[in-house]
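Novice: Give me a model of this one.
(2 chains)
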Amino acid sequence: MEITRRDFIKLLGGISSTIALNGCTLDDVFEIPEKFINRIKSGPGIEKWKNTICGLCPGGCGIRVRLIDDIPVYVKGNPTYPVNQGGMCPLGLNALHHLYHPDRIKGPIKRIGNPGSNKWEAISWDETLKFIADNLVKLRNEGKSHQVAFLGYEERGLMHQHIKRFLRSYGSPNYFQFSPNQNDTIPYLLVQGNSKVPSYDFLNAKLILSFGYNFLEGGYSPIYYTKLYSHHRETQTIYIQIEPRMSLTGSNANKWIPIRPGTYGALALGIAYVLIREELYNKEFVKKYTFGFDDWTDFNGIKHLGFKNLVLGNYYPERVTEITGIPSSTILEIARDFGNTQPSIAIGGNGAIDNTNGTFSMMAIHSLNALIGNFEKNGGIFSIDDPSFSKLPEIYEDLIAKNGNKQERIDKSQDEKFFLSTFSIESFTNNILSDKPYPLSMLFIYNGNPLFESLNHSEVTKALQKIPLIISFDSIRNETSEYAHLILPDHTFLETWDEVSNVPSVGFTHVGIQQPVIDPLYDTKQVGDVLINLAKRIGGMVAESFPFEKYEDFLKNSLKGIYESGKGAITSEGVKGLWLEYLHQRGWHIGRYNSFEEFWDQLLENGGWWNPIKKEKTLDKFFSTTSGKFEFYSTRLKNQIENLVEKSRGPKFSQNMELILNKLNITARGDSIFLPHHEPVPYNQDLPLHLVTFNVLTNPSGRAAHLPLMQEMFGYMVRQYWDSWIEINTKTASELGISDNSWVWVESSTSSIKVRAKLSPAISPNVVAIPFGLGHTSYGRYARNHGINPYSIMRNTYDCINGRSALEGTKVKISKAV
Amino acid sequence: MPKWAMVIDLDKCTGCGACIAACKLENNIAIVAPAEAQNGRVMFWLDIISSYEGEYPAVKVNRIPKPCFHCDDPPCIKVCPVGATYKNEEGLVGQIYHRCIGCRYCMAACPYTSKVFNWEKPRWLDDTYSCFNPDVSLRMVGVVEKCSFCAHRLIKIKENAAQEKRAIRDGEYIPACMENCPADAIYFGDIDNKESVVHNLAHNFRAYRIMEDLGVEPKVYYLSKKF
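Specialist: Modelled structure (predicted):
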């Protein structure tokens, strides 16, 4: 690579100045209260640092906030916190812009105009809470407690338990989480029997084969993986990234292999073919710990097809090449690398799972790990112990609550679809619109923005308009909360108490403490406290389920269990995993505290607690399927589908089966339905190009679009600031007469959008990619009216088993815009 | 006298952009309004350049974080008509904003286009309140700005070291980009000190400097196996 001055000069050039001015100038960038200004100007300038956990994404990085005269002025990574070890992503560094955002809601407000009319009126907390509690009591008395739903986002740990507790004791089964990671553990549930997100031992692996999992930019904890990646550059681990558009992970991988969207499962099975044929798989493991590999006979004497013969019969390299577009020599090469370089890991991620065949693709990818016997060993997959929190107080249910909890969930599809999903936005909205199985009377929305992040935008809009009372807890009004009737603003994470424990897929047990680094700037309340307050107002057994006054007390109480367990250590300097392990083996432990109060103080000072020592587990404990083994042939899926068939009334079993399979969009028949297999995606074949979306690190799921610096940095890689773009392969673009930076129309079967083109050789010629995150119509002054939302032109299709949106299921046509 | 230098390990760098954000926030660099930004007025003291190598599907992307190179023989100094840009004895190339007349000769002379022109009015504490880092002053409109290797941090560290009557330790003075890099790809220190990490890395077989043939002696080294 030669870099010349010409390359540098290119950076300076702007695009022609004919762009319309977007009404947003950057006066009053941030809003800092007047009292702070005076303190900044005339205070003694005493510097302090406080540790907390970043709350801008669910990654759970430890941060240190610099305070001058108790005013936060700077954020950096906490070097002793084991998840990020001092590393930060651009978004996390921007935490203070979130705190001082000028569009933060400063107290409870009530909508007085139409949605989007921007007419709101301030009300007092007492009045609002009384109003909501009265409504909740009224619904309960009418026996309609199940008509209250709570739509969360990605909350885990204590907050998740807290909301669950509220709804359980109140009497509603309707607590859902609508986040990009929803339902992603369903494939694991089918093959290994539990829906725990596996942790991958990246540290000891020698080869990582990633099927569309962009772990450096998205995933569960990008900075945790970035740390591991940079460590690996010294240990020479091989990364192979399979995805149609080269993401940040792809560009850092040793090998980038472009694939046709929606065919990840076929490739995984093609690799399995080579592993089986060349006997590169772990025969001992397969024999001992898996079910359904060879052909087998059941109790009734019926012969069943095994994984081996399914793969050998159908997924030979020539056919896989035809499906995936990857040359068979490459398939052989990666399969041999994968089988010979041990330990190796196969992981699947958003690219693979976000399609109509996501469940089967992920099952196929996970099968590769079973073939090489990759469980509970160094450089493989293992499960992480939960932190030993104290038992939470009991939840009391009175008769009304018991009745309410027995009701069917409101997101349960009316036509057998999504039978394994924990939440489906599609059936949720359809059920609200059709009042089936019952109407929804009240909806709490916490943190999420379903209107922006869903494919069925217009249905969600209608559903939101139909619900009589919507209460949102947002700090900044977004598209969804424009439809709310009341907004009870939450603290930002810098003003609140919470814990962030065991971020999925991070390789050790840990608990991070989120503590207020500053008193709340405005008249806001923590959601946990609001729920306690509401419970107290409802009274009876609902109030009894909340024996603590504040959410903070719940938190403190939970942490007592960790103190009492005497395990692990406070995250502090010099305490490394190996050292802890060494002490543990010799019967020592590193606690430097004599009472809980001391433990608590140290916890706040250092930011968290962790325990890298894993309990030894046997493999039969790892798999909780009926056979106690890894199931290539998923008995759970079989039982579930047969249940559906039996439930639906009809003349003949076989006919019903056909009906159900058609409804679920499953084209496979016979035993292969329950085995990992490739399910063709029903694309609209008239259109030439696949549309894929991707998330950038600066703006995951569009949730950082309210931060001006993140907007400026949105496209720093392609020099596109504050705006969306479409990535097109250089050759495809020249065939269509599209030049770099020119405007193009992107047209799907449903609608079209206009966006600027960026040419790139690092994307498949039959694929175009648009970043997700811009195109907000609300969400503060910096987010509004910048860029476009690619979801707006996507087909409204889903994985019919787990209910995830098929984000790679759309084909489009592009043309030059005049 | 120490000589400050930076080493960036491109084999470790992922191109995540944390250094850009850390730099912008540490140095109170103005966030430019959307239309202005699109016209090339965006200000990144530390930028990441991407370039593609090869043809589909055998494409490689190079992402190179680019701060000011703090050249030992900086061309920007020679062209400045008012002496607003200078090199001090520790090798840091600085910019005296009050003296700068905004002629932008130095921007033209800099082979690495490391300098940026400030088109934005400063927002001082009184009218708007964007000054987060109290250690760095805001720049007036119409001056040229650049990466300072976070020299304001050095002042404090020097004071501390002087008080404790000792020399500055290796790794004590680090810029914001290095502090927050999640890939630990940036190293910083005294290149004349044979014990320092930076000295050793700069003499690594992977080490090289961009456009070395110009003879401006940049003090930012890159490590990469590709070269």
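Novice: going forward, measure contacts between C-alpha atoms and count neighbours the same way
Specialist: Noted.
Novice: just checking, next helix/strand downstream of the helix or strand bottoming out on mean pLDDT in chain B?
Specialist: Across the helices and strands of chain B, mean confidence by mean pLDDT, DSSP states H and E is lowest for helix B:34-36: a mean of 84. Counting by DSSP states H and E, the next helix or strand C-terminal to helix B:34-36 is strand B:47-53.
Novice: and that following strand, what does it pack onto?
Specialist: For strand B:47-53, the packing partners by 3 or more C-alpha pairs under 8 Å, 6 or more residues apart in numbering or on different chains; DSSP states H and E come out as strand B:60-66.
Novice: Could you confirm whether the strand it packs on reaches chain A?
Specialist: Yes. Strand B:60-66 is in contact with chain A by C-alpha under 8 Å from any C-alpha of the partner chain, via B:60, B:61.
Novice: Work out the gap between that strand and the centre of the chain.
Specialist: 16 Å (C-alpha atoms, centre = their mean, to the nearest Å).
Novice: Mind listing what's buried along the least confident helix or strand of chain B?
Specialist: Neighbour counts over helix B:34-36 (16 or more other C-alpha atoms under 10 Å in any protein chain shown) mark B:34, B:35, B:36 as buried.
Novice: helices or strands up against it?
Specialist: Looks like helix B:34-36 contacts no helix or strand (3+ C-alpha pairs under 8 Å, 6+ apart).
Novice: now it, how far from the centre of its chain.
Specialist: That offset, for helix B:34-36, works out to 24 Å (C-alpha atoms, centre = their mean).
Novice: and what of stretch A:686-695?
Specialist: 21 Å.
Novice: who touches it?
Specialist: Identification of contacts with stretch A:686-695 by C-alpha atoms under 8 Å, 6 or more residues apart in numbering or on different chains yields A:217-218, A:247, A:261, A:701, A:748, A:766-773, A:790, A:807-814.
Novice: what do you get for stretch A:302-313?
Specialist: Here stretch A:302-313 has contacts from A:269-270, A:272-273, A:276-277, A:292-298, A:632-633, A:671-672, A:675-676, using C-alpha under 8 Å, 6+ apart.
Novice: Just the ones of these in strands?
Specialist: Here DSSP state E is the test, and the contacts of stretch A:302-313 give A:296, A:297 as lying in strands.
Novice: Close to chain B as well: tell me which of the contacts of stretch A:302-313 qualify.
Specialist: Applying C-alpha under 8 Å from any C-alpha to these, none is adjacent to chain B.
Novice: ChimeraX command for the buried members of the contacts of stretch A:302-313?
Specialist: The ChimeraX selection below is limited to those of those classed as buried (16+ other C-alpha under 10 Å):
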select /A:269,270,272,273,276,292,293,294,632,633,671,672,675,676
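Novice: got a list of what the residue positioned nearest the centre of chain A touches?
Specialist: For chain A, the residue sitting closest to the mean C-alpha position, by C-alpha atoms, centre = their mean, is residue A:181 at 2.8 Å. Applying C-alpha under 8 Å, 6+ apart, we find residue A:181 in contact with residue A:154.
Novice: For it, give its distance to residue A:161.
Specialist: Going from residue A:181 to residue A:161 by C-alpha to C-alpha, to the nearest Å gives 18 Å.
Novice: Against which helices or strands is the helix or strand where residue A:158 lies packed?
Specialist: For residue A:158, the element it lies in under DSSP H and E is helix A:157-170. With contacts taken as 3+ C-alpha pairs under 8 Å, 6+ apart, helix A:157-170 sits against strand A:175-177, helix A:399-406, strand A:498-501, helix A:527-538, helix A:540-544.
Novice: which residues touch it?
Specialist: So helix A:157-170 is contacted by A:140, A:145, A:173-175, A:395-398, A:400-401, A:405, A:498-501, A:528, A:531, A:535, A:541-542, A:545, A:555 (C-alpha under 8 Å, 6+ apart).
Novice: what about burial for these, which qualify?
Specialist: For the contacts of helix A:157-170, buried by 16+ other C-alpha under 10 Å: A:140, A:145, A:173-175, A:395-397, A:400-401, A:405, A:498-501, A:528, A:531, A:535, A:541-542, A:545, A:555.
Novice: How confident is the prediction for residue 13, by pLDDT?
Specialist: Chain wasn't specified; assuming chain A. pLDDT for residue A:13: 52.
Novice: please go with chain B instead
Specialist: 92.
Novice: Got the phi and psi for it?
Specialist: phi -60, psi 130 (degrees, to the nearest 10).
Novice: what about the closest residue to it other than its chain neighbours, neighbour count?
Specialist: Take residue B:13 and drop its neighbours on the chain: the residue closest to it by C-alpha to C-alpha, 6 or more residues apart in numbering or on different chains is residue B:185, 5.3 Å away. By the criterion of other C-alpha atoms under 10 Å in any protein chain shown, residue B:185 has 19 neighbours.
Novice: so what's residue B:185 scoring on pLDDT?
Specialist: At residue B:185, pLDDT is 93.
Novice: How about the one 10 residues further on?
Specialist: In the prediction, the pLDDT value recorded for residue B:195 is 91.
Novice: any idea how far residue A:341 is from it?
Specialist: From residue B:195 to residue A:341 the distance is 38 Å (C-alpha to C-alpha).
Novice: So between the two, which is more surrounded?
Specialist: residue A:341 (16 against 11).
Novice: what's near enough to touch the more buried one?
Specialist: Taking C-alpha under 8 Å, 6+ apart, one finds A:206, A:207 in contact with residue A:341.
Novice: pLDDT value on it, please?
Specialist: The model's pLDDT for residue A:341 equals 90.
Novice: All the strands of the stretch 1-150 of chain A, in order from the start?
Specialist: A:47-53, A:62-68, A:71-77, A:109-111, A:120-122, A:148-152 (DSSP state E, counting those that start in this stretch).
Novice: actually the stretch 551-700 of chain A, sorry about that
Specialist: A:569-570, A:608-611, A:630-631, A:689-694.
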